[in-house]
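Participant: Based on what follows, work out the 3D shape:
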Amino acid sequence: MPRSVARSSACSATRSASRAWHPRKPFGIAEWGLWGIDDPAFVERMAAFVKSHERIEFLAYFSGWPGSIWDLVSKPRSRTAYRRLITPLGR
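Facilitator: This next block holds a predicted model:
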């Protein structure tokens, strides 16, 4: 069996076992962000992913420091999408 297939099978087995052992255990996504680009479609996909996975209880956008390449201030379309789609998830 090729190594990539074996690794994929092992990962799949681990995920299946994890779901069986912890079927209701919440999980989170820490430090996601936009690396220097204004991409509201990515924010929309992230929001859709979170909405479709009910066990996600934590989602943290990594903004670095003011003016950094991750700062949403410099990405007006993504910032609007974030406020429209991600912010309400925390309420």
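Participant: Tell me the secondary structure of the nearest residue to K75 once chain neighbours are set aside, please.
Facilitator: Leaving aside its chain neighbours, K75 sits nearest to D38 (3.9 Å; criterion: Cβ to Cβ, 6 or more residues apart in numbering). From N, CA and C alone the C-beta is placed, and that goes for glycine too. Each residue gets one of three states, and D38 gets coil by DSSP: H, G, I helix; E, B strand; the rest coil.
Participant: who's in contact with D38?
Facilitator: 74-78 (Cβ atoms under 8 Å, 6 or more residues apart in numbering).
Participant: now swap in F58 and tell me
Facilitator: Counted by Cβ under 8 Å, 6+ apart, F58 has contacts 26-30.
Participant: could you redo the residues you listed as TSV and give each row distance to H53?
Facilitator: TSV is the format used below for the contacts of F58 (distance: Cβ to Cβ, whole Å):
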residue	distance to H53
P26	10
F27	8
G28	11
I29	9
A30	15
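Participant: Neighbour-wise, which one of these leads?
Facilitator: I29 (15 neighbours; other Cβ atoms under 10 Å).
Participant: quick one on the thing from earlier: can you check what pLDDT the model gives the residue nearest to K75?
Facilitator: We have a pLDDT of 97 for D38.
Participant: Can you tell me how far it is from S74?
Facilitator: 8 Å (Cβ to Cβ, to the nearest Å).
Participant: where exactly do the strands run in the chain?
Facilitator: Secondary structure of the chain, counting by DSSP state E: strands at 27-32, 56-61.
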